[in-house]
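Provided below are the primary sequence and the corresponding predicted coordinates.
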There are 2 protein chains.
Amino acid sequence: MLPFTVELRTGASVYEQLVYAVQRAIVSNQLSPGDRFPSVRTLSQELRINPNTAQKVVTRLVDQGLLVVQPGVGTLVAQLPESSQKERSELLLREVEQLVVEARRLSLTFDQVVEAVQSHWIRLSEMQPTHEREQVAAEEAVSE
Amino acid sequence: MLPFTVELRTGASVYEQLVYAVQRAIVSNQLSPGDRFPSVRTLSQELRINPNTAQKVVTRLVDQGLLVVQPGVGTLVAQLPESSQKERSELLLREVEQLVVEARRLSLTFDQVVEAVQSHWIRLSEMQPTHEREQVAAEEAVSE
DNA sequence: CTAACTGTACTATTATACCTAGTACAGCTA
DNA sequence: TAGCTGTACTAGGTATAATAGTACAGTTAG
């Protein structure tokens, strides 16, 4: 049983989908800093994917600073790393623009987009693992 | 001289980049409804890409309703089409969530994300072609 | 009508990325 | 020592992107 949820769909690569699923789990505290992350072999068996694909995912997440490796021991979930100004600018320049372009293509209003962002922000804040964390008020999360 | 700007980079496919560039141009009114869209052959020559790739782009944009074809005549920029509820839901569910996950990975705040969305919304609103349109106040655009 | 443009539909080839399969090795720990 | 960990290789199969070239039907300007 893996400590996070993945739904592999067609369209994007297994690699990209798995990286995203783990990012999502960490960012929403389904995986907490210090938690053990499944081994490459466990991942590949549970998800029935190739060990190389699983390892590629781990490598990518380590590069992003979301996982840390203890050689010979295993992989742990890291603290959310400091992000560089460059990374943040890239996101705000490219991904946000793409979202805005898509939104306007679909004739959405600015307010609708902001509402959607807020809604997802709250949802991710609420995704605490049930066994060890208390609920966080939605309003508090948004104003963080 | 093409009526929109494209910068082909490595990473994404030429096809995806070109579709996005045209979407961006239409959504920001650099291309206005009724404008002639370059022919497949013109596109392929100006951008030095294969005619098939150019045609694939046109086909995709026609499917999205952003371009309309007049057989034997050419391709025109369409009115922004009605979007289906399904399309809008897909966007708000998937793309917005991906943006929120990325933003939290980089430790951005909710307010920073909203500010970035607003900034791009205004920028796209201001991108009118200089020869025929008046400036639109940024505040007005955001409240649309 | 003719010529020159338009979009569209094919076949075929090459290059790249993704995924798969299998093997091997070094480090840590019970 | 035995069994786990991450990591590093070599290969092969498949899907997609991009390339090149040819052909055809519809529209329009001359």
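Okay, I see it. Numbering: from 1, shown residues only, chains lettered A, B, ... in the order given.

Which residue ranges of chain A form strands?
Assigned by DSSP state E, chain A shows strands spanning A:36-37, A:67-70, A:74-77.

Go through these and pick out the most buried.
Comparing these by mean neighbour count (mean count of other C-beta atoms under 10 Å in any protein chain shown), strand A:36-37 comes out on top with a mean of 19. C-betas here are computed from N, CA, C, even on glycine.

re earlier: need the strands of chain A in a markdown table (columns: mean pLDDT and distance to DNA strand D).
Listed next are these as a markdown table, based on pLDDT from 0 to 100; distance: least, C-beta to the nearest atom of the strand, whole Å:
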| stretch | mean pLDDT | distance to DNA strand D |
| --- | --- | --- |
| strand A:36-37 | 92 | 7 |
| strand A:67-70 | 91 | 4 |
| strand A:74-77 | 91 | 4 |
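
Now do residue A:120, the pLDDT please.
Per-residue pLDDT puts residue A:120 at 95.

Surely it is in contact with residue B:100?
Yes - assessed by C-beta atoms under 8 Å, residue A:120 is found in contact with residue B:100 at 4.4 Å.

so which of the strands of chain A comes closest to residue B:51?
strand A:67-70 (45.3 Å; C-beta to C-beta).

May I have the strands that pair with the closest one, each with its orientation?
strand A:74-77 (antiparallel) (DSSP bridges).

got the CA positions of the partner strand in PDB?
Extracted in PDB, the C-alpha atoms of strand A:74-77 (Å, rounded to 0.1, in the frame of the first residue of the first chain):
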ATOM      1  CA  GLY A  74      16.300   4.600   1.800                       C
ATOM      2  CA  THR A  75      14.500   7.800   0.700                       C
ATOM      3  CA  LEU A  76      12.700  10.200   3.000                       C
ATOM      4  CA  VAL A  77      10.300  13.100   2.300                       C
END
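
tell me how far that strand is from the chain's mean position?
Centroid displacement of strand A:74-77 relative to its chain, using C-alpha atoms, centre = their mean, to the nearest Å, is 16 Å.

that older thread, more neighbours, residue A:120 and residue B:100?
Ranked by neighbour count (other C-beta atoms under 10 Å in any protein chain shown), residue A:120 and residue B:100 place residue B:100 first, with 26 against 20.

Roughly how far does that one sit from chain A?
Shown here: residue B:100 relative to chain A, a distance of 4 Å by C-beta to the nearest C-beta, to the nearest Å.

The residue in chain A positioned nearest to DNA strand C: neighbouring residues, count only.
DNA strand C sits closest to residue A:72 of chain A, with a gap of 2.2 Å, by C-beta to the nearest atom of the strand. Under the neighbour criterion other C-beta under 10 Å, residue A:72 is assigned a count of 5.

Need the strands of chain A in JSON lines (columns: distance to residue A:111).
Formatted as JSON lines, those follow (distance: least, C-beta to C-beta, whole Å):
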{"stretch": "strand A:36-37", "distance to residue A:111": "39"}
{"stretch": "strand A:67-70", "distance to residue A:111": "37"}
{"stretch": "strand A:74-77", "distance to residue A:111": "36"}
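
So which bits of chain A are right by DNA strand D?
Taking C-beta under 7 Å from any atom of the strand as the contact definition, chain A meets DNA strand D at A:37-42, A:51-52, A:55, A:58-59, A:62, A:69, A:71-75.

Put the buried members of those residues into a PyMOL selection.
Listed next is the PyMOL selection for buried residues among these, using 16 or more other C-beta atoms under 10 Å in any protein chain shown:
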select buried, chain A and resi 37+38+40+58+75
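
Just the residues of chain A next to DNA strand D: which are in helices?
Judged by DSSP state H, the residues of chain A next to DNA strand D include A:40-42, A:51-52, A:55, A:58-59, A:62 as members of helices.

Since that was my last question, I'll sign off now.
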